[in-house]
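1. next one to model:
(one chain, ligands or ions: 3)
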Amino acid sequence: MTEILRIAVQKSGRLSDDSLKLIKECGIRFDNGAGKLRAPAANFPAEILFLRDDDIPGYVEDGVAHLGIVGENVAVETARDVDTVYRLGFSKCRLSIGIPRGEKYGSIKDLHGKSIATSYPRILGKYLQDNEVEAQIHEIGGSVEIAPSIGLAEAVCDIVSSGSTLLSNGLQEVETIFRSEAVMIASRNLSDTQQSHLDQLLFRIKSVQAAKNNKYILLNCPTDSVEEVSKYLPGMRSPTVMPLATEGWCSVHSVINENDFWENIEKIRQAGAEGILVIPIEKMIL
Ligand SMILES: Nc1ncnc2c1ncn2[C@@H]1O[C@H](COP(=O)(O)OP(=O)(O)OP(=O)(O)O)[C@@H](O)[C@H]1O
Ligand SMILES: O=P(O)(O)OC[C@H]1O[C@H](OP(=O)(O)OP(=O)(O)O)[C@H](O)[C@@H]1O
Ligand SMILES: [Mg+2]
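-> Numbers count the residues shown, from 1 in each chain. Ligands and ions are numbered 1, 2, ... in the order given. Got it, this is the predicted structure:
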């Protein structure tokens, strides 16, 4: 068995750019020249395969690819025997039911006896079954939102992000049945060596994501305020505090989480901080 990791990514589509960016941010270099469907990594025991996203779970199940990056919607719909090893946080979208705009909608029960066009018959079928609704599922490969306007079905179930595709096809979103983001899936029969390569890769991904979720912050504050300011800047262990040349003032350095950023910045300012600088972090090793 080959000991390198074959990582399958979408060749061209919504997942492609972010998947390749993530691999590159993990320090893995490869040459993906135009039209190339396989690219060996120069500095990691891996090879990148460029495939149709729907095919990726099957390749990973068969062990032809060892890892894959797909939307969770595809991972669940294809129902292959693979492990979801990491949620990657990009390509967030939802699978929703849409009906012609202006039509009345009370609950999913309203779809009883109707026909619904979708590329996700398994996820939709389970949702309908769980809600004891009997509807006719009409499976189509794409351009699903066109279905009601050409008389193919009375409702649709497709991916929604901004909602603009539904809107421009005269549809309204009435029910969200699944929330998705890109996930990394892995084959269930990796060798010990491949598992250790995967552990290394996941460690790098976590470091990249931690860096994205945090900022490095530097500020000046009166020495008397250091304790109050530090309450909002726990940092990785505790903030670094250094005296300024101006007596009675300090410089405080720390890390601040993106989610708490605006709320904490306001409190830090009220505590007397000034000259606040916020700098992106490239990697963060936890
Ligand atoms: N509008 C969107 N916003 C965010 N994520 C999306 C959006 N549309 C799709 N996705 C996510 O990206 C994945 C790939 O979408 P894309 O439209 O590129 O697939 P595709 O047309 O089936 O591609 P392929 O040609 O590889 O089969 C989807 O399975 C979903 O997880
Ligand atoms: O809510 P929105 O922001 O409009 O996004 C939803 C649309 O995005 C996807 O299609 P995509 O544009 O990737 O084209 P495709 O149908 O060729 O895959 C999806 O199939 C929807 O049609
Ligand atoms: Mg596809």
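2. hey, let's count contacts and neighbours off CA atoms from now on
-> Fine.
3. contacts only, for residue 227.
-> With contact set as Cα atoms under 8 Å, 6 or more residues apart in numbering, residue 227 has no partners.
4. now it: how far from residue 220?
-> To residue 220, residue 227 is 13 Å away according to Cα to Cα, to the nearest Å.
5. next one: residue 134
-> 65 Å.
6. one more: residue 142?
-> For residue 142, the distance to residue 220 - Cα to Cα - is 56 Å.
7. do the same with residue 185
-> 45 Å.
8. out of these two, which sits in the busier spot?
-> residue 185 (27 against 22; other Cα atoms under 10 Å).
9. give me the pLDDT value at the more buried one.
-> Listed pLDDT for residue 185 reads 98.
10. and it, what element?
-> Assessed by DSSP states H and E, residue 185 sits inside strand 182-186.
11. same question, residue 276
-> With DSSP H and E as the test, residue 276 turns up in strand 274-280.
12. can I get the CA coordinates of that strand in CSV?
-> Extracted C-alpha coordinates of strand 274-280, given in CSV (Å, rounded to 0.1, in the frame of the first residue of the first chain):
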residue,chain,number,x,y,z
GLU,A,274,-4.9,54.1,23.5
GLY,A,275,-2.7,53.6,20.5
ILE,A,276,-4.4,50.2,19.9
LEU,A,277,-2.9,48.2,17.0
VAL,A,278,-4.5,45.0,15.7
ILE,A,279,-2.4,42.7,13.5
PRO,A,280,-3.3,39.4,11.7
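13. buried set for that strand?
-> Residues of strand 274-280 classed as buried under the neighbour-count rule (16 or more other Cα atoms under 10 Å) are residue 276.
14. that one packs against which elements?
-> Judged by 3 or more Cα pairs under 8 Å, 6 or more residues apart in numbering; DSSP states H and E, strand 274-280 is in contact with strand 214-222.
15. the strand it packs on versus strand 274-280: what angle between them?
-> 170 degrees (axes from the mean of the first three to the mean of the last three Cα atoms, to 10 degrees).
16. next one: the helix or strand that strand 214-222 is followed by to chain centre, how far?
-> Next helix or strand after strand 214-222 toward the C-terminus (DSSP H and E): helix 226-231. Taking Cα atoms, centre = their mean, to the nearest Å, one finds helix 226-231 lying 34 Å from the centre of the chain it belongs to.
17. isn't there a helix covering residue 204?
-> Yes. With DSSP: H, G, I helix; E, B strand; the rest coil as the criterion, residue 204 is located in a helix.
18. that one against residue 26, yeah?
-> Yes. Using Cα atoms under 8 Å, residue 204 is in contact with residue 26, at 5.5 Å.
19. from what I can see residue 244 touches residue 252, true?
-> No. Look at residue 244 against residue 252 with Cα under 8 Å: they stay out of range, at 9.8 Å.
20. what about these two, which has more around it?
-> Applying other Cα under 10 Å to residue 244 and residue 252 shows that residue 252 carries more neighbours, namely 23 against 15.
21. how about the more buried one: what's its closest non-neighbour residue?
-> With sequence-adjacent residues excluded and distances taken as Cα to Cα, 6 or more residues apart in numbering, residue 252 is closest to residue 241, at 4.6 Å.
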